[in-house]
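Engineer: dropping a prediction and its sequence here:
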Amino acid sequence: MTGKLYTKEEVILCTYAAMYDADDFGGINQIHLLHNRSLSSIKMKIMNIASMLDENGIKRFNYNRVPPLTGLTTGERGRRTNWDIVSTLYDIDKNEFLLKCKSIIE
């Protein structure tokens, strides 16, 4: 594996971005500012999380704006990196989830 692992806070923000809209908490630049991670890495992480959500039948409200990315051939299931964190977030009320995100970036 190359690069540094994503922190729990980054995964929370990326999950919100995969489900709703990162602009709600200031955009992906806010994720970048946490640990100076590249914007392209963040975008790919969001798409990977979108793929995990889709594979598990979780409704995403930005399906047309965030394409899923597995890095695998069509029909194969993607990796489940950070699913232990993501799986605790998708049932949270959107407003509560957004407050959690805003508290991270403050």
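Structural biologist: Happy to help now that I have it. Residues are numbered from 1 along each chain as shown.

Engineer: buried residues, the lengthiest helix in the chain. List them.
Structural biologist: When the chain is scanned for its longest helix (criterion: DSSP state H), the result is helix 39-55. Using 16 or more other CB atoms under 10 Å as the test for burial, helix 39-55 gives 42, 43, 45, 46, 47, 48, 49, 50, 51, 52, 53, 54. Bear in mind the C-beta positions are built from the backbone N, C-alpha and C, glycine included.

Engineer: now tabulate these in TSV and tack on pLDDT and distance to residue 22.
Structural biologist: Output for these, formatted as TSV (pLDDT from 0 to 100; distance: CB to CB, whole Å):
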residue	pLDDT	distance to residue 22
42	96	9
43	95	10
45	95	11
46	96	7
47	94	12
48	93	15
49	95	12
50	94	12
51	91	17
52	92	17
53	94	15
54	92	18
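
Engineer: what's the neighbour count on the closest residue to residue 22 other than its chain neighbours?
Structural biologist: Leaving aside its sequence neighbours, residue 22 sits nearest to residue 28 (CB to CB, 6 or more residues apart in numbering; 4.9 Å). When neighbours are defined as other CB atoms under 10 Å, residue 28 has 19 of them.

Engineer: try the one 3 residues further on
Structural biologist: Look at residue 31: counted by other CB under 10 Å, it has 30 neighbours.

Engineer: on that earlier part again, from the chain's centroid, how far away is the longest helix of the chain?
Structural biologist: 6 Å (CA atoms, centre = their mean, to the nearest Å).

Engineer: what's next to it, contact-wise?
Structural biologist: With contact meaning CB atoms under 8 Å, 6 or more residues apart in numbering, helix 39-55 is reached by 3, 6, 10-11, 14-15, 17-19, 22, 28-29, 31-32, 60, 66-71, 77-83, 86, 90.

Engineer: from the residues you listed, which would you call buried?
Structural biologist: Counted by 16+ other CB under 10 Å, the contacts of helix 39-55 give 6, 10-11, 14-15, 17-19, 22, 28, 31, 60, 66, 68-70, 78, 81-82, 86, 90 as buried.
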